[in-house]
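Sharing a model that was predicted from the sequence below.
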Amino acid sequence: MPIYYPDILNQKTAPRTFTYGDKDVMLYALGVGMGRDPMNETELPFVYEKALKVIPTAATVLASGAKASGPAPEMPAGHRQSQINFLMVVHGEQKVELHKPLPTYGTFTAEGRTVGAYDKGEGKGAVIVNETIWKDEKGEKVATLTGSTFARGDGGFGGPSEGAPEPHVVPTRSPDLSVDFATLPDQALLYRLNGDRNPLHSDPDVARKAGFQRPILHGLCTYGITCRAVLQEIVGFDPDQIYSHQARFSAPVIPGDTITVDLWKDGKNISFEARVKARNATVIKNGLTVLR
């Protein structure tokens, strides 16, 4: 099915309810590499239930078990349902905004909607922007997740070609500091237990068919590692200081790569990018963390 514009802007998901607890919080932290040194008492609170802390970007996975808890939203008369070719999609950008610090457990409701659709032209793909809002049992906003998808096979639907959100521009000066994080060869096998079981990250045959020599790391795992860099280098492992974290995905990471995160500090705005020096590849671009 094609993309129908502007009908796609009316598309919403039914309310979905989910619950998470300390096990889910700790599994995410382990998935992005925390806790490898069990004597590191600054990281231990993220992987041990005593005085547990939550990495802000865990919001990208904690709703993975959500189940519909209400009827599908009613569409306007004559609405044409859009559908993209999921075999041709690439995760473009991700942003997490926390309206309050993430609790270590709880029950929440998530509702999603399409907020933008931009046409790059026939054969050039399309950019689809979706937003998901979490609310707690009191009906108060907890988090807003905004993500863009580059749908390589769905250009030429007649939507606007301009107006998509502009990426954050990192400073042109040298980074204020850089930090290295070594990933492990089996890191994707651990991270996938957070909910994304796409075989591209676990099955060598699937990876080869997609053009990779071996399974690749989840982009959202690399995204979480950049948040870990801000936690470690900027806010002294205090996740409550982070209001939002956003980035653009630019190249895959191979499990076993060492990721270098470059950081620029300008007041409450922390710019960042990530690269794999051994392959001269920038894997995360246009990163911005906003502190409270």
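Ah, there it is.

Neighbours of Asp154, how many?
Asp154: 26 surrounding residues under other CB atoms under 10 Å. Using the backbone N, CA and C atoms, a C-beta is placed for each residue, glycine as well.

Make sure it is indeed in a strand.
No: counting by DSSP: H, G, I helix; E, B strand; the rest coil, one finds Asp154 to be coil, located in no strand.

Longest helix in this structure, please.
Assignment by DSSP state H gives helix 219-233 as the longest helix of the chain.

quick one: the nearest residue to Asp203 once chain neighbours are set aside from Phe249, how far?
Leaving out its chain neighbours, the residue that sits closest to Asp203 by CB to CB, 6 or more residues apart in numbering is Pro215, at 6.6 Å. Distance of Pro215 to Phe249, given as CB to CB, to the nearest Å: 17 Å.

Of the two, which one has the most company?
Pro215 (25 against 22).

Could you check how far that one is from Leu231?
27 Å.

Equivalent analysis for Pro38, please.
For Pro38 relative to Leu231 (CB to CB), the value is 18 Å.

So which of these two has more stuff around it?
Per other CB under 10 Å, whichever of Pro38 and Leu231 has more neighbours is Leu231, with 25 against 10.

How about Asp257, nearest residue that isn't a chain neighbour?
Of all residues not flanking Asp257 in the chain, Val276 sits nearest, at 4.7 Å (CB to CB, 6+ apart).

which stretches of the stretch 151-292 of the chain form strands?
177-182, 242-249, 258-266, 269-276, 281-291 (DSSP state E, counting those that start in this stretch).

how many other residues sit next to Ala164?
Neighbours around Ala164, by other CB under 10 Å: 17.

Lys120 is in contact with that one, correct?
No: Ala164 is beyond contact range of Lys120, at 9.6 Å (criterion: CB atoms under 8 Å).

List the residues that are in contact with both of those two.
Residues touching both Ala164 and Lys120 (CB atoms under 8 Å, 6 or more residues apart in numbering): Val127.

how far away is Leu9 from Val129?
Applying CB to CB to Leu9 and Val129 gives a distance of 10 Å.

okay, these two: which has more neighbours?
Val129 (18 against 15).

Run through the chain and note the low-pLDDT ranges.
1 (pLDDT under 70).

could you pull out the helices for it?
Under DSSP H, the chain gives helices at 22-31, 44-47, 187-191, 204-209, 219-233.

Out of these, flag the one nearest Gly153.
Of all the helices of the chain, helix 204-209 sits nearest to Gly153, with 16.7 Å by CB to CB.

any idea how far that closest one is from the chain center?
Distance of helix 204-209 from the chain centroid (CA atoms, centre = their mean, to the nearest Å) equals 23 Å.

Same check on stretch 54-65?
For stretch 54-65 - counting by CA atoms, centre = their mean - the centre lies 9 Å from the chain centre.

Can you give me the buried ones in that stretch?
Val54, Ile55, Pro56, Thr57, Ala58, Ala59, Thr60, Val61, Leu62, Ala63 (16 or more other CB atoms under 10 Å).
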